[in-house]
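K.L.:
Sequence unavailable; structure follows:
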Ligand SMILES: C[S@@+](CC[C@H](N)C(=O)[O-])C[C@H]1O[C@@H](n2cnc3c(N)ncnc32)[C@H](O)[C@@H]1O
């Protein structure tokens, strides 16, 4: 699969097609799920906060869709994805190998957030991960992620909304079906307070509704 950085389209339909074609080695149902993601997850809003040529750490990268999009759009010079799930990482490696025109990319299995690479990045992303983490471990997950943000760097946090009730319910039902968990929504205000206390300013705060779902996107910059 070749990258076409100059003309990469963030139109949802085009992104969906890009992911469907890229993950052609996955079973059809999973391919369909991956390619449906741009209709729920606001990739275009995420990507525009990632400076060109950035070195990115994606915490809880799953099958690497975000890194694949960043590579194909020519956005990053280096990417590291970490996840607990080795099967997802194997898929991410395959997708990145077919996407990147030579950027440095790697994927690592971690068993706890303290195992994230001991390094500093221009951008650390955490997209739809925290609601899967037990409530008692969430503060540690955030602390370990923000520790990896370099000077003037960005911490990009995306999760699902707590309100209104029906959007939260849609998200709960989705997670129950696809991951077998009845998740406890993340308290975004707690994340804002913790990241602020760690020396970051909140530079953008967005609530992005998609179909029945609601996304919260928070962009923090290290002061
Ligand atoms: C809904 S998926 C999101 C994947 C990816 N960020 C995306 O947006 O496509 C949640 C991911 O979080 C990962 N995850 C859950 N708990 C984790 C932990 N403690 N450490 C690292 N990854 C974790 C899961 O394995 C899964 O890949």
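P.N.:
The structure has been received and is ready for your questions. Computed from a predicted structure; not experimentally measured.

K.L.:
how close does the nearest residue to residue 131 once chain neighbours are set aside sit to residue 114?
P.N.:
The shortest distance from residue 131 to any non-neighbouring residue, by CB to CB, 6 or more residues apart in numbering, is to residue 183 (4.6 Å). (Glycine included, C-beta is placed from N, CA and C.) From residue 183 across to residue 114, the span is 23 Å (CB to CB, to the nearest Å).

K.L.:
More neighbours: which of these two?
P.N.:
The residue with the greater number of neighbours, taking residue 183 and residue 114 and applying other CB atoms under 10 Å, is residue 183; the counts read 19 against 12.

K.L.:
Determine the three-state secondary structure at the more buried one.
P.N.:
Applying DSSP: H, G, I helix; E, B strand; the rest coil to residue 183 yields a three-state assignment of coil.

K.L.:
How about the contacts made by it?
P.N.:
Contacts here follow CB atoms under 8 Å, 6 or more residues apart in numbering; on that basis residue 183 touches 131-132, 171-172, 175.

K.L.:
mind redoing it with 7 Å?
P.N.:
131-132, 172, 175 (CB atoms under 7 Å, 6 or more residues apart in numbering).

K.L.:
which one of those is nearest the ligand?
P.N.:
Taking CB to the nearest ligand atom as the measure, residue 132 is the one of those closest to the ligand, at 4.0 Å.

K.L.:
gap between the closest residue to the ligand within the chain and residue 81?
P.N.:
Closest contact between the chain and the ligand, by CB to the nearest ligand atom, is at residue 62 (2.8 Å). Spatial separation of residue 62 from residue 81 under the definition CB to CB is 8 Å.

K.L.:
Compare the two (neighbour count), which wins?
P.N.:
When neighbours are counted by other CB under 10 Å, residue 62 and residue 81 differ, and residue 81 comes out ahead with 27 against 20.

K.L.:
SS state for that one?
P.N.:
When the structure is split into helix, strand and coil by three-state DSSP, residue 81 lands in strand.

K.L.:
are any of the contacts of residue 183 buried, and which?
P.N.:
131-132, 172, 175 (16 or more other CB atoms under 10 Å).

K.L.:
Phi and psi next, for residue 108.
P.N.:
Main-chain dihedrals, residue 108, degrees, to the nearest 10: phi -130, psi 140.

K.L.:
mind checking pLDDT for residue 3?
P.N.:
Looking at residue 3, its pLDDT is 46.

K.L.:
how distant is whichever strand or helix holds residue 146 from the center of its chain?
P.N.:
With the criterion set as DSSP states H and E, the secondary-structure element containing residue 146 is helix 138-147. Averaged C-alpha coordinates place helix 138-147 at 15 Å from its chain's average position (CA atoms, centre = their mean, to the nearest Å).

K.L.:
For the helix or strand following it, name the packing helices and strands.
P.N.:
Scanning the chain past helix 138-147 towards its C-terminal end, the next helix or strand to appear is strand 149-160 (assignment: DSSP H and E). Counting contacts by 3 or more CB pairs under 7 Å, 6 or more residues apart in numbering; DSSP states H and E, the secondary-structure elements packed against strand 149-160 are strand 121-127, helix 188-197, strand 213-222.
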